[in-house]
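Asks: give me coordinates for this.
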Amino acid sequence: MPGSGLDQTSVTRIRRINMNTKHNYQAIANAIIAHGNCINSGNQEWLTRWKNQIAEIIKKDFPHGSGFDCGTKFNIDDNLKFNGSKLVFTTQFHHMNEGGYYDGWTGHKITVKPCLLSGFTISISGPNRNDIKELIHDWFWTALQEDCTVEA
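Replies: Prediction:
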């Protein structure tokens, strides 16, 4: 590439590396579609592998603890009907009062949809007690954008 200090081989290699990296949201969507294909073909071995990959991504990178005391839930069977067009997670947040005591829970559904501009959008249902939706958005945005290190 003229003036860049990179030759065409270097640019191709950089593109290939970037194209092979999947973010968690891409890996989960891919696993959902593959999981559905395994159901249709009766492939029990890979059905289990795809299910385990999703569970491991959720366990490793998605909110748990620090108010998300029940962690993040992802129901594969419920998400199959969307065929990768959106991902739906559920979580609960354990709120504290000004004195530092736990004083209630709020439940939330997090819906992730593809977007050509930013990769995806996030919508969050449930009450916005103590502006919790902003925190949930930030935690999920980070988890979804993480490079996936879990393989099926």
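Asks: contact partners for the residue nearest to Thr21 when sequence neighbours are not counted?
Replies: Spatial nearest neighbour of Thr21, excluding adjacent residues (Cβ to Cβ, 6 or more residues apart in numbering): Asp147 at 5.5 Å. Yep, even glycine has a C-beta here, placed from its N, CA and C like the rest. Neighbouring residues of Asp147 by Cβ atoms under 8 Å, 6 or more residues apart in numbering: 21-24.
Asks: ok, the closest residue to Lys133 other than its chain neighbours - contacts?
Replies: For Lys133, ignoring the flanking residues on the chain, the nearest one in space by Cβ to Cβ, 6+ apart is Ile124 at 4.7 Å. Taking Cβ under 8 Å, 6+ apart as the criterion, Ile124 is in contact with 108-111, 133, 136-137.
Asks: just give me the closest of the residues you listed to Lys59.
Replies: For those, the residue nearest Lys59 by Cβ to Cβ is Ile110; the value is 16.4 Å.
Asks: what's the spacing between that closest one and Leu47?
Replies: 25 Å (Cβ to Cβ, to the nearest Å).
Asks: so between these two, which is more surrounded?
Replies: Comparing Ile110 with Leu47 by other Cβ atoms under 10 Å, the one with more neighbours is Ile110, at 25 against 18.
Asks: done for today, thanks.
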